[in-house]
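> mind looking at a prediction? Sequence and model below.
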Amino acid sequence: MQETFEQGWAALPFKEQFPELTEAAAKNMDDCNAAITNLLMNDLLTVSQVEAIRQKRFPKLVAKEVRKAREGNK
């Protein structure tokens, strides 16, 4: 997997970042990405919570989906 990926309000769609993802998986990643930003902007998550999500949990989810997509393409 590439070392980094874009996330946040200005990120490219996940299907562009990882073309091997299914449409459903890419849409889910895009929806999660937007939800994180929306929750922060509406003061429902703290900055420290968002940092934990964006630096740890969300990358794990993305890695899992990309790994699954790549294993399916073998």
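Received, thanks. In this text, all values refer to a predicted model and were calculated from it rather than measured experimentally. Residues are numbered from 1 along each chain as shown.
> ok, the most centrally placed residue in the chain - contacts?
The residue at the geometric middle of the chain, judged as the C-alpha nearest the mean C-alpha position with C-alpha atoms, centre = their mean, is residue 29 (4.4 Å). Residue 29 makes contacts with 14, 21, 61, 62, 65, as judged by C-beta atoms under 8 Å, 6 or more residues apart in numbering. C-betas here are computed from N, CA, C, even on glycine.
> just put the residues you listed in a markdown table and tack on secondary structure.
Below are these laid out as a markdown table (DSSP: H, G, I helix; E, B strand; the rest coil):
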| residue | secondary structure |
| --- | --- |
| 14 | helix |
| 21 | coil |
| 61 | helix |
| 62 | helix |
| 65 | helix |
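> still on that earlier bit, would you mark the buried spots in the helix or strand in which the residue nearest to the centre of the chain is found?
For residue 29, the enclosing helix or strand under DSSP states H and E is helix 23-41. Buried positions in helix 23-41, judged by neighbour count with 16 or more other C-beta atoms under 10 Å: 25, 26, 29, 30, 32, 33, 36, 37, 40.
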